[in-house]
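Peer 1: from the sequence below, what's the structure:
(chains A and B)
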There are 2 protein chains.
Amino acid sequence: MAEKYVDIDTLKYLLYDIHNLEDLLVRDRFQDHDKESLDMFIDSVKEFADRELFPYVKEMDENPAYHKDGKVFVHDQVKTMMYKGGEMGLISAPFNYEDGGMQIPFLSHTAATYILDAANNHLPGYAGLTQGAAELIIHFANKELNQTYVPNMLSGQWGGTMCLTEPQAGSSLSDIVTKATPTQDGYYKISGQKIFISGGDNNFTENVVHLVLARIEGAPKGTKGISLFVVPKNRPSSDGALEFNDVTTVADFQKMGQRGYCTTHLGFGDADDCKGWIVGEPNEGLKYMFLMMNSARIAVGRGASAIACAAYHASLQYANERPQGRKLSSDGKKNPAEKQALIIEHPDVRRMLLMQKSVVEGSMSLVFLAAKYYDIIETATSPEEKEKYNLLLEMIIPIVKTYPSEAGSASVNNGLQVLGGYGFCADFILQQYYRDIRISALYEGTTGIQSQDLLGRKVTMNNGKALQLLSAEIMTTIKAASAIDELQPYANTLGAKLKLTEKVLSHLMPHAMKGDYERYLADASIFMEFFSLILMSWTWLDLGVHATKAAGSDGTYSKEFYESKIHTMKYFFTYELPKTTGLSEILLNTESITIKKETEPVM
Amino acid sequence: MAEKYVDIDTLKYLLYDIHNLEDLLVRDRFQDHDKESLDMFIDSVKEFADRELFPYVKEMDENPAYHKDGKVFVHDQVKTMMYKGGEMGLISAPFNYEDGGMQIPFLSHTAATYILDAANNHLPGYAGLTQGAAELIIHFANKELNQTYVPNMLSGQWGGTMCLTEPQAGSSLSDIVTKATPTQDGYYKISGQKIFISGGDNNFTENVVHLVLARIEGAPKGTKGISLFVVPKNRPSSDGALEFNDVTTVADFQKMGQRGYCTTHLGFGDADDCKGWIVGEPNEGLKYMFLMMNSARIAVGRGASAIACAAYHASLQYANERPQGRKLSSDGKKNPAEKQALIIEHPDVRRMLLMQKSVVEGSMSLVFLAAKYYDIIETATSPEEKEKYNLLLEMIIPIVKTYPSEAGSASVNNGLQVLGGYGFCADFILQQYYRDIRISALYEGTTGIQSQDLLGRKVTMNNGKALQLLSAEIMTTIKAASAIDELQPYANTLGAKLKLTEKVLSHLMPHAMKGDYERYLADASIFMEFFSLILMSWTWLDLGVHATKAAGSDGTYSKEFYESKIHTMKYFFTYELPKTTGLSEILLNTESITIKKETEPVM
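Peer 2: Alright, predicted model coming up:
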């Protein structure tokens, strides 16, 4: 049985030493917090996760959420997550005091939720979507809606969801047809179907508050005609009692993974009695929703990295305990009389473990960086600061969502392989993590959509200013690394990769200039893979700079701890970054293999 | 619901036009067969698979094999596979007439079984392992054992298995401890435990015949002291009745995928009454087993390619039917008033489909090539011919097993992604294929073990003669392609990649020369990935040469059919082969990152 799901030393090292949480605490918003109190928060979350989340992760897979008699039944531990988690402030923590929150930095919140995700990825989503729904109400709805819904949501008494996807539209939100009909009484009548609604129903909370995208009759076609509504499962009447609001649970999708986290199909207004209250202005719904999208995408990246993290520790434990085979002697043979080696001593197993470590810790650092940018934006003291970090966050967000999802999936794949045949067996948890993490590349915009966002919008945004700002950040790290002998070669390599990025973009840009966006974006997913590796090398070089300095002085952690970070950095530069050479070759191709021609051979 | 699982035109094109089945038919062994009769065999297998295998593939996943009261219960369709398949000759077909077979080419058998695997990968293994066990008895056991067991096995009345793995030894066969104690009566008493025994038990056949590796007391340590035994679940007494042979089914491993194909834990001799009969000579067991290993590894590659094939067709159908989103217009925007596009029109979806097509058809061709080599070896008319094709087969076998498993898994991953959120849902079959195929990289020697075999034994075998022979075959194709204008650039590229292989090997070889085998083999898995892509490019160039010629004349198939092969070849050279540039950079590294040092930082 796996015993460890996260290395809390590494998490704290990234939080305090690499991303300098304390730097944020001088800001007004966070003035009531100090490192000690926030560290106690992390410790209490870890203790909660050890006790209430991790022990149930396998059980929740084996007893998935299910739909019966129009209701979704979830594992009892969902109640604990919402009620006890709510009591502990796990839902309200990052919110404003005035909304019942604690105003802790989003960075602290992200680190805490990383622990929850790593302990049991089937549970934190229930709280996370409730936060997202509450945030939309707080930011854009009127005071009455806020007072009616937010307190019960942040305490964990009521759940919350985001209702975007419809059966006929999928990722194409411009094709949403859910209808909102205005009435004289200040509310709208809602009718339509929504699918893939995570946390959409359960058998214990008295209410679930849905934030629903719908179209008011006569609204413009496409994304410009979409409005946002609060649509509770049960509507509070004036005396505070709840009455059924005609939101029916049609089904719970049964999935390959993350089976304890329900994914529902909801029907609104089957009996023509579903009331919705508009959030903000008509036709602004998608804009509102997208203001929340960055935190949602950070959450997906965080969750994926955390699943990969749990898988890494499970396979590391196995590799440290399982004897099998022998090391090769100098005649290339193995001596059967010799004691068996632990499998962690075999280079191929070490390679698979180092790959996992580099993906897990690198992506954890990237996710924390995004959270820190988020905090700086929220508390910016000048428009320039706000703009700068906003551009930086926008630039990295598609990678923050995608790299942990895609490389994390490959990382869990290696973890499974470390266990050999046992990795495929239900008795071990690796096969579950392999299934669980696979959703990440689909959630909140697939990898294809993130890649189009990265190349199509972020790279070109403000005439390329976001990319320039990011490059400048990377150059700062390169400069710091160049000053350290041991790191100079790695600094040079990363510098060369930035130049290679320019070359690739100069090759692609002319397509966009000519208005051939289809060709410009055809290989966006390859560019995503290419640029992610470069961004992650930056993350690792940054870690390398810090660890090298700390290893030479009296750091917080042991010398071995710092050396393992430097070693993993070297792994990344030696085994992962070189892949960009091949990927750049693909990106520099002059063919249009994937674009449909008039006369196209059969597929 | 997916309707197609294999493109029979492509299968026949590879069988008859690319690998020229008819060339084999001039050989004595196959003289009773002609193309027409063998083609009817393929058609009858397809019809059988349509009717008896494909309709049950999802059901077998949802109702997995299970262990109860010391017995394994399997899906009823296993009976059909064994009994009806046996009647049709599906088990006996490639065997000699004298053993009850039909002496069909292994190539035809491989194509037929490919269809079965693609239709339902949970079933053909029951027949396949029975064949393997029968083959061992035929080749190495005495006549009495042959007469006692083989006829019932080839008719499908009795099952068969291979019992290698033990709990404490895993892949390290030198640590096998199952004991065989000689008696005065010609048999041995067997005692021990075997795990991961596919098809090890069922609730309907009257017998299962296990081929068991065990150690006779006093035998040398390691792999040199392992013998092979026939150990039936029930032993036939002199009057033909069956009596229980003390082989107990301890458990059935529950797995992430291929859940209809049972994977058992067997106990031998718990009541000290388990009899085994030795196959051939004492201490030669592993050698015998390895003589069967090539066909077992071809079977795993075939099965993996076939699962990827079924997944490709399921995702292709979805992409052809599902409207979603719109194509970008020349201002980079999408017009919501326009009709939705089918998702197959989006370049990123086309890229994922082309990747699948290139992996599926390329690996199908590679598997057929291996089968053809196998036939040539079995029917060689001179020692030179036998040696040449033996070396060629040995050289490619680790790739035949590994490329379809690893790239096939990535291919199914793309198939799942094509379906978006639906791909993750149990209602669609992509998630099942994603789980099913994952076993392939573990079966019959993991990817790590195959990679060590490729670089450690095959590349260096007979002073590199196998690699030279393979290079000569590749050069022949390059020469043919160079004579065709359209293909010349691809021929040049492949030529350059052969040179790059030499460079990589010259970099690695000195480690082996110095006796540092650990370092020589440390990156064997990277070399596997690198060289697989080169081998597959050869496969595709070969297809390109044929299709280009056929497209210009009156070929068997439509012009579009040939053009789609050429287009897929171009995809492979543009999107897959370039990855070797990055991989070669990794292989040329001068570090030893993955080798455990004396003072090793914590992982």
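Peer 1: show me what from the stretch 251-400 of chain A comes close to chain B.
Peer 2: By C-beta under 8 Å from any C-beta of the partner chain, the residues of the stretch 251-400 of chain A that approach chain B are A:253-257, A:263, A:316, A:322, A:324-332, A:334-337, A:340, A:344-351, A:353-354, A:357. No exception for glycine: its C-beta is placed from N, CA and C like everyone else's.
Peer 1: least confident secondary structure element in chain A?
Peer 2: Lowest by mean pLDDT, DSSP states H and E among the helices and strands of chain A is helix A:285-291, with a mean of 92.
Peer 1: CA atoms only: put that one into PDB for me.
Peer 2: Only the C-alpha atoms of helix A:285-291 are listed here, as PDB (Å, rounded to 0.1, in the frame of the first residue of the first chain):
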ATOM      1  CA  GLY A 285     -22.100  35.900 -19.600                       C
ATOM      2  CA  LEU A 286     -19.200  34.400 -21.400                       C
ATOM      3  CA  LYS A 287     -17.000  37.300 -20.500                       C
ATOM      4  CA  TYR A 288     -17.800  36.800 -16.900                       C
ATOM      5  CA  MET A 289     -17.200  33.100 -17.100                       C
ATOM      6  CA  PHE A 290     -13.900  33.600 -18.700                       C
ATOM      7  CA  LEU A 291     -12.700  35.900 -16.000                       C
END
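Peer 1: what's the spacing between it and its chain's center?
Peer 2: Distance of helix A:285-291 from the chain centroid (C-alpha atoms, centre = their mean, to the nearest Å) equals 18 Å.
Peer 1: list the buried residues of it.
Peer 2: Of all the residues in helix A:285-291, those buried under the rule 16 or more other C-beta atoms under 10 Å in any protein chain shown are A:285-286, A:288-289.
Peer 1: farthest pair in the residues you listed?
Peer 2: Farthest-apart pair in these is A:286 and A:288; separation 7.3 Å (C-beta to C-beta).
Peer 1: overlap of the contact sets of the two?
Peer 2: Taking C-beta atoms under 8 Å, 6 or more residues apart in numbering or on different chains as the criterion, residue A:286 and residue A:288 both touch residue A:228.
Peer 1: ok, residue A:276 to chain B distance?
Peer 2: According to C-beta to the nearest C-beta, to the nearest Å, residue A:276 stands 23 Å off from chain B.
Peer 1: what about the strands in the stretch 51-200 of chain A?
Peer 2: For the stretch 51-200 of chain A, the strands defined by DSSP state E, counting those that start in this stretch cover A:66-68, A:71-73, A:159-163, A:179-182, A:188-198.
Peer 1: close to chain B: what parts of the stretch 401-550 of chain A are there?
Peer 2: With C-beta under 8 Å from any C-beta as the criterion, the stretch 401-550 of chain A meets chain B at residues A:409, A:413, A:416-417, A:420-421, A:423-427, A:431, A:434-435, A:438-439, A:441-442, A:446-448, A:451-452, A:456, A:512, A:515-518, A:521-526.
Peer 1: from those residues, list just the buried residues.
Peer 2: Buried by 16+ other C-beta under 10 Å: A:409, A:413, A:416-417, A:420-421, A:423-426, A:431, A:434-435, A:438-439, A:441-442, A:446-448, A:451-452, A:456, A:512, A:516-518, A:521-526, out of those.
Peer 1: fine, thanks again, bye for now.
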